[in-house]
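In: below are the sequence and a predicted model for it; my questions follow.
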Amino acid sequence: MGLEAFLDLTKFRQRSSTSGPGLSLEDFIALSILLVLLATSATDEDPAHPYTHSRLRSIFPKSEEWILRMIPTSNTDLKKDFFLTRRNKVAVVTGGNRGLGYGIVRKLCQSFPGDVYITCRNSEDGAKALEQLKKEGLNPKVHILDITLAESIQEFRRHLENAGGLDVLINNAATAYLHTGVVAEDVKTAEATLGCNYFGTLSLCEELFPLLRPFARVVNIVSSCGVFAITGNEPKSEGIRKKLSNPNLSIPDLNDIMKGYLSSVANGSVKEDGWQDIVVSSNNISKIGLQTLTSLQQREMDGRRGEDGIVINSLHPGLIRTEKAAEFPGHMLSIDEAAKGPCEAATLPPGPDVPKGQFLWTDLRVVDWINGPIPWCL
């Protein structure tokens with residue numbers, strides 16, 4: 001492994017010297033030594049070893065940057081070992097101060113090998129959540145983040161850059177107006193819902209995706225109810241489904257479809273245009289948008305960084321009894337029960353059989369939300 005890596009490094013330095021800024025001679029020598037040590041190194045689970053990965057990172061502060069810049073296709077195993085065994089990983093759970101987000105943070109703090117961030121819109125909510133978790137011996141970090149504000153997202157990105165990157169991103173932050181329907185719903189309500197749940201999540205991903213480390217995991221929290229947002233008003237609903245499942249669909253195309261729904265609300269033509277016409281329609285439509293976005297994000301990530309093993313999925317966590325949830329018939333999951341699926345999706349191991357760009361059920365089943373069948377809520 002060390003010899004292959006050295007040959008890749010030599011080719012990289014020769015190529016970069018003619019195409020732009022590359023490794024300096026000093027960095028080249030240092031990285032060559034690093035690669036030799038990596039061949040005999042050990043993971044952090046073996047603290048007695050003189051060259052654990054943590055010690056190598058300490059000796060060579062630029063080690064991760066070097067390995068990422070090399071991107072040697074013949075040394076995927078080297079990158080896998082170096083990045084998967086790090087003990088100072090970073091996980092972010094948006095909207096982590098209450099409800100499902102709080103449950104996810106709590107469960108991650110119990111087993112995740114690194115820092116877990118609660119993000120929320122105000123410091124009071126964050127402090128309250130932190131106080132509760134500290135009583136259980138858990139110690140997440142708290143950061144203020146409003147995914148509807150560009151400046152807030154950019155400030156959080158700068159913070160994570162200083163932390164060295166990101167290993168897990170669980171997009172849970174959302175808003176829902178549970179007691180309004182599209183017929184009586186004003187444009188302001190629809191815009192606020194999609195602005196947070198879909199466009200806000202998209203903006204956050206666009207800022208944070210460049211910080212994802214190799215083998216990172218992204219989970220977009222959605223809902224089974226999203227499927228019903230594009231059914232029932234045929235044949236127009238079928239036309240929407242065909243647009244969303246078009247293999248050539250792009251993210252700008254999807255943005256236009258979401259904006260088209262807002263136009264339908266403004267024009268009072270929701271049902272006529274094929275959209276769902278029941279309570280919480282805007283929330284459901286934002287979720288089907290996020291499900292579709294997930295597959296497009298994975299496709300783009302594979303095109304740019306396919307060798308880094310980054311996985312992006314959307315997930316329905318189940319019907320949950322939370323502060324915001326109305327009383328529905330049938331069994332509802334506790335927050336702890338519902339948090340299990342997102343945490344498992346956020347820690348999927350590397351491998352060819354891992355679902356990528358898929359809509360997952362709470363038990364990690366892959367569900368075809370276009371052709372079905374769709375399981376019941378649990």
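Out: Good, I have the coordinates.

In: quick one: residues contacting Ser294.
Out: Residue 294: Thr, not Ser. 220, 222, 312-314, 357-359 (C-beta atoms under 8 Å, 6 or more residues apart in numbering). All C-beta atoms are positioned from the backbone trio N, CA, C, and that covers glycine.

In: skipping adjacent residues, who's closest to it in space?
Out: In this structure, Thr294 finds its nearest non-sequential neighbour in Ser314, 4.1 Å apart by C-beta to C-beta, 6 or more residues apart in numbering.

In: direction included, what does the helix or strand the one you found falls within pair against?
Out: Secondary structure from DSSP states H and E places Ser314 in strand 311-315. With DSSP bridges as the test, strand 311-315 is paired with strand 212-221 (parallel), strand 359-360 (parallel).

In: please identify the most buried of the ones you listed.
Out: Mean neighbour count (mean count of other C-beta atoms under 10 Å) peaks for strand 359-360 among the strands paired with strand 311-315, with a mean of 26.

In: residues contacting that one, please?
Out: Outside strand 359-360, the residues within contact range by C-beta under 8 Å, 6+ apart are 222, 291, 294, 313-316, 341, 345, 366-369.

In: of these, buried ones?
Out: Neighbour counting by 16 or more other C-beta atoms under 10 Å classes 222, 291, 294, 313-316, 341, 345, 367, 369 among those as buried.

In: how about the helices in this structure?
Out: Listed in chain order, the helices of the chain (DSSP state H) span 2-19, 25-38, 53-59, 63-70, 76-84, 99-111, 123-134, 150-163, 187-194, 201-208, 236-244, 251-267, 281-305, 335-346.

In: weakest of these in terms of mean pLDDT?
Out: The weakest mean pLDDT among the helices of the chain belongs to helix 2-19, with a mean of 45.

In: residue contacts, Asn267?
Out: For Asn267, the contact set (C-beta under 8 Å, 6+ apart) is empty.

In: any idea how far it is from Val105?
Out: Distance from Asn267 to Val105, counting by C-beta to C-beta, to the nearest Å: 41 Å.

In: could you do Leu244 as well?
Out: 31 Å.

In: just Lys271 next, same as before
Out: 39 Å.

In: what's the answer for Val227, then?
Out: Val227 sits 28 Å away from Val105, going by C-beta to C-beta.

In: how about Glu238?
Out: Glu238 is 40 Å from Val105, where distance means C-beta to C-beta.

In: look at these two and report which has more neighbours.
Out: The neighbour count for Glu238 versus Val105, taken as other C-beta atoms under 10 Å, is higher for Val105 (33 against 13).

In: ok, the closest residue to Ser237 other than its chain neighbours - contacts?
Out: Leaving aside its sequence neighbours, Ser237 sits nearest to Gly274 (C-beta to C-beta, 6+ apart; 4.3 Å). The contact partners of Gly274, by C-beta under 8 Å, 6+ apart, come to 230, 233-240.

In: looking at the residues you listed, point me to the pair that's furthest apart.
Out: Pairwise distances across the contacts of Gly274 (C-beta to C-beta) peak at 12.1 Å, for the pair Ile230 and Pro235.

In: which one's more surrounded, the two?
Out: Neighbours per residue, other C-beta under 10 Å: of Ile230 and Pro235, the larger number sits with Ile230, 28 against 7.

In: was I right about that one contacting Lys242?
Out: No - counting by C-beta atoms under 8 Å, Ile230 stays clear of Lys242, with 9.9 Å between them.

In: any idea how this structure splits into domains?
Out: 2-84, 89-360 (automatic domain parsing).

In: in the protein, which residue is most central in space?
Out: Val218 (2.5 Å; C-alpha atoms, centre = their mean).

In: how about the nearest residue to that one, chain neighbours excluded?
Out: With sequence-adjacent residues excluded and distances taken as C-beta to C-beta, 6+ apart, Val218 is closest to Ile312, at 4.2 Å.

In: burial count for that neighbour?
Out: Ile312: 28 neighbours (other C-beta under 10 Å).

In: next: Arg121.
Out: Considering only other C-beta under 10 Å, Arg121 is surrounded by 18 other residues.

In: ok, Pro342 next?
Out: 29.

In: same question for Ser295.
Out: Counted with other C-beta under 10 Å, residues neighbouring Ser295 total 21.
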